[in-house]
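In: Structure, please.
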Amino acid sequence: MRGFGFRTFFASLAIVSVFAGVTQAQTTSAGNAPYPSKPIRIIVPYPAGGTTDVLARMIGNDLGVAWKTSVIVENKSGASGMIGNDLVAKAAPDGYTLLMGIATLLQGPHMFTSIPYDFKRDFIPLALVAKSSNVLVIPARFPANNFEEFVKVVKANPGKYSYGSYGAGTTAHIHGETLKSQAGLDMTHVPYKGGAPLMTDMLGGQLDAAFIDIGNVRSSLQSDKIKLIAVTGEERLKILPNVRTLTEMGFKDFEPYPFFALYLPKGTPQPIVDKLGKEVARIIHTPANMTKIEDLGVQPSGMIGEQFQKTVLRDYDIWGKVIKSGNIKLEQ
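Out: You can find the predicted model right below:
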């Protein structure tokens with residue numbers, strides 16, 4: 001009887017351990033309620049209607065349907081995204097508050113003198129939703145037909161030419177200053193309030209050059225008013241297979257993509273991080289959502305876990321280096 005009792009005890013202990021593991025994977029660290037057991041918020045630190053907002057609502061809708069819960073998208077814009085970012089940084093780490101952030105989240109700490117949160121300390125990179133690229137565009141009137149000719153013309157005329165970006169401190173601005181530094185170009189930066197007006201002036205021949213996001217270039221790929229001479233990122237774009245990347249032409253630090261990604265507050269239990277990450281990746285990879293994302297002019301990803309976290313840290317360091325090298329500072 002004694003031997004049977006011990007066997008029964010250890011068998012019961014094993015069952016309890018397995019049950020506890022399953023329970024832990026399904027609950028928050030704060031209690032025994034299964035996750036999710038209340039509405040989930042996705043904070044978008046920019047106004048409604050933009051790509052960041054559209055992607056957040058797409059994921060929020062599908063997440064709500066899959067988990068039979070309410071997912072609310074809240075736009076908390078202002079201060080270059082810092083208001084919304086800070087809200088998530090200081091939220092309870094329980095999996096119920098997510099941030100849909102852009103590259104500015106990684107770049108801001110290197111450009112602003114004061115930020116109310118610490119990116120590395122306060123956020124967990126959850127999932128890369130989509131990535132974009134900037135295209136170096138010149139007007140048809142420019143006396144060059146490729147990148148090498150463009151550099152030759154600009155270097156021969158220091159101070160004569162300018163380049164546009166979709167805003168001061170944006171990825172396009174950073175790319176422009178990085179190219180100026182590495183290629184030895186003397187050009188004046190002209191910041192615009194967004195990619196749409198920038199593209200309008202480029203098509204009108206009012207700019208000498210510009211770094212423009214592929215989403216705003218896409219509808220004009222066949223236009224005879226512009227020439228596309230280079231693209232940022234690690235790989236050529238599928239829709240621009242003949243346009244070389246600056247990386248393959250020997251330039252450094254153009255690997256990071258402007259991207260849209262989800263983050264959680266630091267301290268969120270790992271089982272919740274894993275569960276959310278896998279579900280978001282599944283949502284992104286559905287054929288319907290892949291098409292929706294591509295229609296926005298960006299490339300779907302779905303990278304999660306350690307791979308995405310390593311990418312974020314790499315990009316954080318690269319942005320810091322090029323921002324410091326370009327002496328890019330923004331007023332708050």
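In: The closest residue to residue 39 other than its chain neighbours - how many residues pack around it?
Out: Of all residues beyond its chain neighbours, the one nearest residue 39 is residue 70 (4.0 Å), with distances taken as CB to CB, 6 or more residues apart in numbering. (Each C-beta comes from the backbone N, C-alpha and C, glycine too.) Neighbour count for residue 70, taken as other CB atoms under 10 Å: 12.
In: do residue 174 as well
Out: The burial count for residue 174: 29, using other CB under 10 Å.
In: Would you check that it makes contact with residue 325?
Out: No. Checked against CB atoms under 8 Å, the pair residue 174 and residue 325 is beyond contact range at 9.9 Å.
In: residues contacting the residue lying closest to residue 104 once chain neighbours are set aside?
Out: Spatial nearest neighbour of residue 104, excluding adjacent residues (CB to CB, 6+ apart): residue 81 at 5.3 Å. Residues near residue 81 by CB atoms under 8 Å, 6 or more residues apart in numbering: 45, 46, 101, 102, 104, 105, 108.
In: Quick check: the gap between the last one and residue 179.
Out: If you measure residue 108 against residue 179 using CB to CB, to the nearest Å, the figure is 21 Å.
In: In a helix, residue 47, correct?
Out: No. Counting by DSSP: H, G, I helix; E, B strand; the rest coil, residue 47 falls outside a helix, being coil.
In: Checking the nearest residue to it once chain neighbours are set aside next. Helix, strand or coil?
Out: Leaving aside its chain neighbours, residue 47 sits nearest to residue 77 (4.9 Å; criterion: CB to CB, 6+ apart). With three-state DSSP as the basis, residue 77 sits in coil.
In: dump the residue contacts of residue 77.
Out: 44, 45, 46, 47, 83, 84.
In: again, only this time at 10 Å
Out: Residue 77 makes contact with 44, 45, 46, 47, 48, 50, 52, 53, 83, 84 under the criterion CB atoms under 10 Å, 6 or more residues apart in numbering.
In: PyMOL command for the buried members of these?
Out: With 16 or more other CB atoms under 10 Å as the criterion, this PyMOL line picks the buried residues out of these:
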select buried, resi 44+45+46+50+52+53+84
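In: Serialize the contacts of residue 77 to a markdown table and add fields for pLDDT and distance to residue 320.
Out: As requested, the contacts of residue 77 are exported to a markdown table (pLDDT from 0 to 100; distance: CB to CB, whole Å):
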| residue | pLDDT | distance to residue 320 |
| --- | --- | --- |
| 44 | 96 | 25 |
| 45 | 93 | 20 |
| 46 | 90 | 22 |
| 47 | 89 | 27 |
| 48 | 91 | 31 |
| 50 | 86 | 25 |
| 52 | 93 | 22 |
| 53 | 94 | 27 |
| 83 | 95 | 22 |
| 84 | 96 | 22 |
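In: Find residues that contact each of residue 174 and residue 325.
Out: residue 253.
In: Give the helix, strand or coil label for the residue lying closest to residue 98 once chain neighbours are set aside.
Out: Leaving aside its sequence neighbours, residue 98 sits nearest to residue 42 (CB to CB, 6+ apart; 4.8 Å). Under three-state DSSP, residue 42 falls in the strand class.
In: Run through the strands of the stretch 151-300 of the chain in chain order.
Out: 162-165, 188-191, 210-213, 226-231, 259-265, 299-304 (DSSP state E, counting those that start in this stretch).
In: Ok, which of those strands comes nearest residue 139?
Out: strand 226-231 (6.1 Å; CB to CB).
In: So for this protein, the centremost residue is which one?
Out: Nearest to the mean C-alpha position of the chain, by CA atoms, centre = their mean, lies residue 259 at 2.2 Å.
In: Can you verify my assumption that that residue contacts residue 293?
Out: No. With contact defined as CB atoms under 10 Å, residue 259 does not reach residue 293; the gap is 11.7 Å.
In: Between the two, which contacts overlap?
Out: 129, 130, 131, 299, 301.
In: Of all pairs in these, which one is the farthest apart?
Out: Every pair of these checked by CB to CB; the farthest is 129 and 299, at 10.2 Å.
In: quick one: which of these two has more around it?
Out: Taking neighbours as other CB under 10 Å, residue 129 and residue 299 compare with residue 129 leading, 28 against 20.
In: before we move on, back to that, deepest in the core, which of the strands of the stretch 151-300 of the chain is it.
Out: strand 210-213 (a mean of 27; mean count of other CB atoms under 10 Å).
In: which residues of this protein fall in helices?
Out: Ranges of helices in the chain, per DSSP state H, are 2-26, 51-67, 82-89, 104-111, 119-122, 147-156, 171-183, 195-203, 214-217, 270-284, 287-295, 305-325.
In: picking that back up, for the residue nearest to residue 39, grab phi and psi.
Out: Backbone torsions of residue 70, given as degrees, to the nearest 10, read phi -90, psi 130.
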